[in-house]
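K.L.:
Have a look; sequence and predicted model below, questions after that.
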Amino acid sequence: MRQTSEVILVADDNPDALLMVQSMLDVLGYAAECVENGRIACERATTQRYRCILMDIEMPEMDGLAAARTIRDAEQAAGEVCTPILGMTGHTDTGTRVLCERAGMSGVLLKPFLISNLEEKLAEIEQG
């Protein structure tokens with residue numbers, strides 16, 4: 001079984017969003033590994049365990065919903081504990097939240113979010 005690291009994987013196709021989230025995580029004391037699409041996030045998640053994955057739900061090549069399902073399937077096949085995945089989206093409708101839940105995401109962060117929102121969600125994940 002792979003050891004979980006202290007690194008948080010961040011997947012977003014917007015370079016400015018990646019920089020913002022990485023800066024927030026730095027302030028909160030977390031290291032971030034940033035990727036620009038869901039396909040790369042899946043590749044990384046199969047070779048390394050992360051403390052958490054922050055996943056934009058709309059990205060090229062593979063969106064966050066498909067990536068979350070792929071990661072969950074791989075974890076289940078390997079008999080591993082699920083890595084928490086937080087979907088990041090600007091969509092406030094209930095349908096989007098349901099799609100995130102069905103994809104196996106642990107929660108949703110509504111964009112744009114404050115560092116306090118991110119800190120709260122990470123604390124919820126750590127408490128189980």
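P.N.:
The structure has been received and is ready for your questions. Numbering: from 1, shown residues only.

K.L.:
And stretch 115-128, what's buried?
P.N.:
Under the neighbour-count criterion of 16 or more other CB atoms under 10 Å, stretch 115-128 has 118, 121, 122, 125 buried. C-betas here are computed from N, CA, C, even on glycine.

K.L.:
Name the residues that touch it?
P.N.:
With contacts defined as CB atoms under 8 Å, 6 or more residues apart in numbering, stretch 115-128 is touched by 21, 24-25, 27-28, 30, 52, 84, 86, 106-107, 109-110.

K.L.:
how about the residues you listed, which pair is most distant?
P.N.:
Largest separation among the contacts of stretch 115-128 by CB to CB: 27 and 106, giving 21.9 Å.

K.L.:
more neighbours, those two?
P.N.:
Ranked by neighbour count (other CB atoms under 10 Å), residue 27 and residue 106 place residue 106 first, with 18 against 11.

K.L.:
what's residue 81 in contact with, if anything?
P.N.:
residue 75 are the contacts of residue 81 under CB under 8 Å, 6+ apart.

K.L.:
A strand includes it, no?
P.N.:
No: using DSSP: H, G, I helix; E, B strand; the rest coil, the secondary structure at residue 81 is coil, not a strand.

K.L.:
Please report how far it lies from residue 99.
P.N.:
23 Å (CB to CB, to the nearest Å).

K.L.:
Good, we can wrap up now.
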